[in-house]
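J.: got a sequence here, can you model it:
(one chain, ligands or ions: 1)
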Amino acid sequence: MSTTPQTPLDYSTPLKFAYWVPKVSGGLVVSTIEQRTGWDFEYNKKLARIAENSGFEYALTQARYAASYGADKQHEATSFSLALLGATERLKVIAAVHPGMWHPGVLAKFMITADHLSNGRAAVNIVSGWLKDEFTNFGLDWLEHDERYVRTEEFINILRGLWTEKEFSQSGKYYDINKFTLQLAPIEVPGRTHPEIFFGGNSTAAQATAGRVADWYFSNGRTLEGYADNVNGVLAAAATAGRKPRFGLNGFVIARDSEKDAKDTLREIVEKAHRPAVEGFAASVKEAGASTKDGKGMWADASYEDMVQYNDGFKTGLIGTPEQIAERIVEYKKAGVNLMLTCYLHFQEEVAAFGRDVMPIVRELESDLARKHGTELDTTLLPETNFDKVSL
Ligand SMILES: Cc1cc2nc3c(=O)[nH]c(=O)nc-3n(C[C@H](O)[C@H](O)[C@H](O)COP(=O)(O)O)c2cc1C
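T.: Numbering: from 1, shown residues only. Sure, this is the predicted structure:
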């Protein structure tokens, strides 16, 4: 199977990097292995500053409401994101939001204020939801899988409409907006017309919807072949809508001095997995891709080991020495990735190490790749770094 997407690649734009905000207890793996990762605000404030000084441009907060699969406690995504924006200078923070839980007009208004408070650094990740109990126990409608994406598409169109038009109206199956003008409008930032709209999902319906309406398509961890498949699905829909989305991919990073050490760490994570929590999670995720007609989508082909990192992050294979990881990341650039979303066992020290040890090799390899394709890596687009401000 080909790993090359059916679109001309942009070799001159450097890859961007993001990290998952660890604002749920228990870290990003469902395992009893030692994790030096906190989920409180003080830990996350320091982490965000480390990240923006180490070359990370984005942080992603996840939306969870009820205790589940190893995470007993979690903070709310939009308020936590806003606090992180207030604690940083350049980092863009992407808050996950469920269409079934928010009204698009309320979110549009909230985000405009967040955007002004942060000088244009607020972004959203629109997630259609898979955790049925959170909806039904809140007394909300639980829509069938593909129908959730019908609602999401309307939701995103309204969000963009309210951010960019006056007297905006849209009447659909789920929402009815009548001549609404939001004042203030979002802050003006070169290169974007409104806060960026990310979209997370893997199924066929998710890819089609993302292609038609998202600025950024986010996928769970994937192999190179699997990822190219997702990219092509999104591109096909984007072409019909005349849009050019960019692409993000999740990967769990284990960078160690030797490949053996990295693989041993992965083995220990899986050996110490919290089995009942992973099995409970595996039962809940049947509402995602596995429930669709073609059976494709998030977690549809995930093994027990994959589910220990609940966003399939091991599949991306960012496990080895800094050189091996950098090489792998550049392979994903060739498969269409523009932004690598990362997670770690020990966030503060590993985010700093990633910026120090992995990113410079990525930049060298990206420069070589650009030259091979008759262009140069545009280093004016690289984010500012301040390693002397990174203190652990
Ligand atoms: C990078 C990424 C982040 C996500 N974050 C969340 C989240 O914070 N909360 C949530 O309920 N779902 C989240 N999702 C899940 C998706 O919204 C969607 O429900 C999931 O992909 C299952 O649907 P699918 O099989 O259609 O892909 C995320 C997905 C991705 C790829």
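J.: now do the end-to-end distance for stretch 240-258.
T.: End-to-end distance of stretch 240-258 (Cα to Cα, to the nearest Å): 46 Å.
J.: up against the ligand, what does this protein have?
T.: Residues of the chain lying close to the ligand (Cβ under 6 Å from any ligand atom) are 62-63, 96, 125, 127-131, 200-203, 206, 218-220, 250, 288-289, 297-298, 311, 341. In short, each C-beta sits where N, CA and C put it, glycine included.
J.: in helices, which of those residues fall?
T.: A206 (DSSP state H).
J.: flag every buried residue along stretch 40-59.
T.: Neighbour-count burial for stretch 40-59 flags 43-44, 46-59 (criterion: 16 or more other Cβ atoms under 10 Å).
J.: can you give me the offset of it from its chain's centre?
T.: Distance, stretch centre to chain centre, for stretch 40-59: 15 Å (Cα atoms, centre = their mean, to the nearest Å).
J.: for stretch 211-220, same thing?
T.: With Cα atoms, centre = their mean, you get 10 Å for stretch 211-220.
J.: could you give the mean pLDDT of that stretch?
T.: The average pLDDT within stretch 211-220 is 97.
J.: which stretches of the chain form helices?
T.: Using DSSP H, helices in the chain cover 41-53, 77-87, 104-117, 132-137, 145-164, 204-213, 224-241, 259-271, 275-284, 304-307, 322-334, 347-353, 359-372.
J.: right, so these: which one is the most enclosed?
T.: For those, the largest average neighbour count (mean count of other Cβ atoms under 10 Å) is found in helix 204-213, namely a mean of 25.
J.: what's in contact with that helix?
T.: Here helix 204-213 makes contact (Cβ atoms under 8 Å, 6 or more residues apart in numbering) with 128, 145-146, 149, 152-153, 156-157, 160, 197, 199-201, 217, 230, 233-241, 243, 245, 292, 294, 296-298.
J.: measure A67 to D133 for me?
T.: Distance of A67 to D133, given as Cβ to Cβ, to the nearest Å: 11 Å.
J.: swap in P186?
T.: 34 Å.
J.: ok so, going back, confidence-wise, which of the helices of the chain is weakest overall?
T.: Looking at the helices of the chain, the lowest mean pLDDT belongs to helix 275-284 (a mean of 80).
J.: mind listing what the residue nearest the centre of the chain touches?
T.: Nearest to the geometric centre of the chain sits F218, at 5.2 Å (Cα atoms, centre = their mean). Residues in contact with F218 (Cβ under 8 Å, 6+ apart) are 60, 125, 198-201, 248-250, 341.
J.: 6 Å instead?
T.: By Cβ atoms under 6 Å, 6 or more residues apart in numbering, F218 lies in contact with 198, 200, 248.
J.: for the residues you listed, pick the one with the most neighbours.
T.: F198 (28 neighbours; other Cβ atoms under 10 Å).
J.: tell me if I'm right that that residue and V93 touch.
T.: No - taking Cβ atoms under 6 Å as the definition, F198 is not a contact partner of V93, at 11.3 Å.
J.: returning to that earlier point: can I get the helices of the chain in CSV with distance to S12?
T.: CSV is the format used below for the helices of the chain (distance: least, Cβ to Cβ, whole Å):
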stretch, distance to S12
helix 41-53, 24
helix 77-87, 29
helix 104-117, 28
helix 132-137, 42
helix 145-164, 28
helix 204-213, 24
helix 224-241, 19
helix 259-271, 31
helix 275-284, 40
helix 304-307, 34
helix 322-334, 12
helix 347-353, 26
helix 359-372, 6
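J.: so which of those helices is nearest K23?
T.: Proximity to K23 (Cβ to Cβ) singles out helix 77-87 among those, at 5.3 Å.
J.: and the angle for the closest one with helix 104-117?
T.: Helix 77-87 runs at 10 degrees relative to helix 104-117, counting by axes from the mean of the first three to the mean of the last three Cα atoms, to 10 degrees.
J.: what is helix 77-87 packed up against?
T.: Judged by 3 or more Cβ pairs under 6 Å, 6 or more residues apart in numbering; DSSP states H and E, the packing partners of helix 77-87 are strand 58-61, strand 92-97.
J.: could you export these as CSV, including distance to L365 and mean pLDDT?
T.: Below are those laid out as CSV (distance: least, Cβ to Cβ, whole Å; pLDDT from 0 to 100):
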stretch, distance to L365, mean pLDDT
strand 58-61, 21, 98
strand 92-97, 24, 98
